[in-house]
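A.B. asks: for reference, the sequence and a predicted model appear below.
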Amino acid sequence: MPRSKASTALYLFLVFGSGALVGVVSHRLYETTTVNANSTAPRSMEEFRKRYFEQMRKWGVNDQQIDRIREVLDDAKEKYDSLHAAEQPKRDQIQKEQIEAVRAILTEPQRAQYDKWRVERERQRAQKKPAT
């Protein structure tokens, strides 16, 4: 039994309409972010401290307590800095051993390219590193 033009049009509309609906829903799911981008991470230690103390003040922390907390944070920073400084020679030694092991695997032309690449990478890293 031949189908009427109306039923054919209805089927085509349903097929293309469902495809469009799936496309819209897929696009919406793809574009939706699960992270709130309105809250940015602090860029510096000063900005972090400012936010930290603002939060403390919301809890009713007074100026005397803030001063004591500031001392605790300063002491912790000194300890972290000394720990970092003490570990730096070990990290440098591990990195040096890694570089030498990689160089030993490479051929002479590859070593030249590797060394050139490392120099460029160090230059880029130095440019990105914030001035302290």
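C.D. replies: Yep, it's here.

A.B. asks: so where's this protein shaky on pLDDT?
C.D. replies: Per-residue confidence for the chain (pLDDT under 70) gives these ranges: 1-2, 33-42, 130-132.

A.B. asks: where is the longest helix in it?
C.D. replies: Assignment by DSSP state H gives helix 63-105 as the longest helix of the chain.

A.B. asks: show me the residues around residue 45 that make contact.
C.D. replies: Residue 45 sits next to residue 77 when contact means Cβ atoms under 8 Å, 6 or more residues apart in numbering. For every residue, glycine as well, the C-beta is placed using N, CA and C.

A.B. asks: and it, how far from residue 79?
C.D. replies: Distance of residue 45 to residue 79, given as Cβ to Cβ, to the nearest Å: 15 Å.

A.B. asks: picking up where we left off before, quick one, whichever helix or strand comes after the longest helix of the chain and helix 63-105 angle?
C.D. replies: Remark: after helix 63-105, the chain's next helix or strand is helix 108-128, criterion DSSP states H and E. Using axes from the mean of the first three to the mean of the last three Cα atoms, to 10 degrees, one finds that helix 108-128 and helix 63-105 are set 170 degrees apart in direction.
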